[in-house]
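In: With the input below, show me the fold.
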Amino acid sequence: SNDNKGKGKKKKKNHVIDDIAEFYDCVFDAPCNVIEVQEQVQVPDGDSDTDTNTDTNTSTSKIAMIGFGAIDPTTGRASQSLLFREVDDNDNKSTIVKPYDGHHIAFYVGESSADFETAFQRAVEAGVIWVN
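Out: Coordinates of the predicted model:
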């Protein structure tokens, strides 16, 4: 019997942030960078319900930086950017992610209608287009 299959193995953390960056790179040909950041986070030490003491934990997360718009030839920076930050509820209890409120964004795509058509077709193929 193979009842112990997978037991005792540490589950590999899936970094969805890498997939987000790959999506913007593949669909929009946008310059993307993913960086790993460490920060000190103050969390209650859990000794009691009324305890005000805190422990300091080091939290590691990833940030995807997606560039859009004109690229400055001097600095290499895009005129617009999106930042996506990975949040792990198990690592950082102080981070609160609000429920989706229906917001949406718009950004420049390419330099021509052909660039837009290419990005649109890639998004259709990825199944992520909704047209109202």
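In: Can you show me the strands along this structure?
Out: Using DSSP state E, the strands found in the chain span residues 32-44, 54-71, 78-85.
In: Tell me which of those strands sits most buried.
Out: strand 54-71 (a mean of 16; mean count of other C-beta atoms under 10 Å). To be clear about C-beta, it is placed using only N, CA and C from the backbone, and glycine gets the same treatment.
In: what's that one packed up against?
Out: Contacts defined by 3 or more C-beta pairs under 8 Å, 6 or more residues apart in numbering; DSSP states H and E place strand 54-71 against helix 16-28, strand 32-44, strand 78-85.
In: now the second one: mean pLDDT?
Out: It stands for strand 32-44. The average pLDDT within strand 32-44 is 82.
In: Tell me the strands beside it, with direction?
Out: strand 54-71 (antiparallel) (DSSP bridges).
In: got the angle for the partner strand vs strand 78-85?
Out: Relative orientation of strand 54-71 versus strand 78-85 (axes from the mean of the first three to the mean of the last three C-alpha atoms, to 10 degrees): 150 degrees.
In: what's in contact with strand 54-71?
Out: Residues outside strand 54-71 that contact it (C-beta atoms under 8 Å, 6 or more residues apart in numbering): 15, 17-18, 20-21, 24, 28, 30-45, 77-88, 91-92, 107-109.
In: Repeat the analysis, applying 7 Å as the threshold.
Out: The contact list for strand 54-71 (C-beta atoms under 7 Å, 6 or more residues apart in numbering) reads 15, 17, 20-21, 24, 30-45, 78-88, 91-92, 107-108.
In: just to revisit the earlier point, redo the strands of the chain as JSON lines? Include distance to Val128.
Out: Shown next, in JSON lines, are these (distance: least, C-beta to C-beta, whole Å):
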{"stretch": "strand 32-44", "distance to Val128": "16"}
{"stretch": "strand 54-71", "distance to Val128": "15"}
{"stretch": "strand 78-85", "distance to Val128": "15"}
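In: That's all I had, so thanks and see you.
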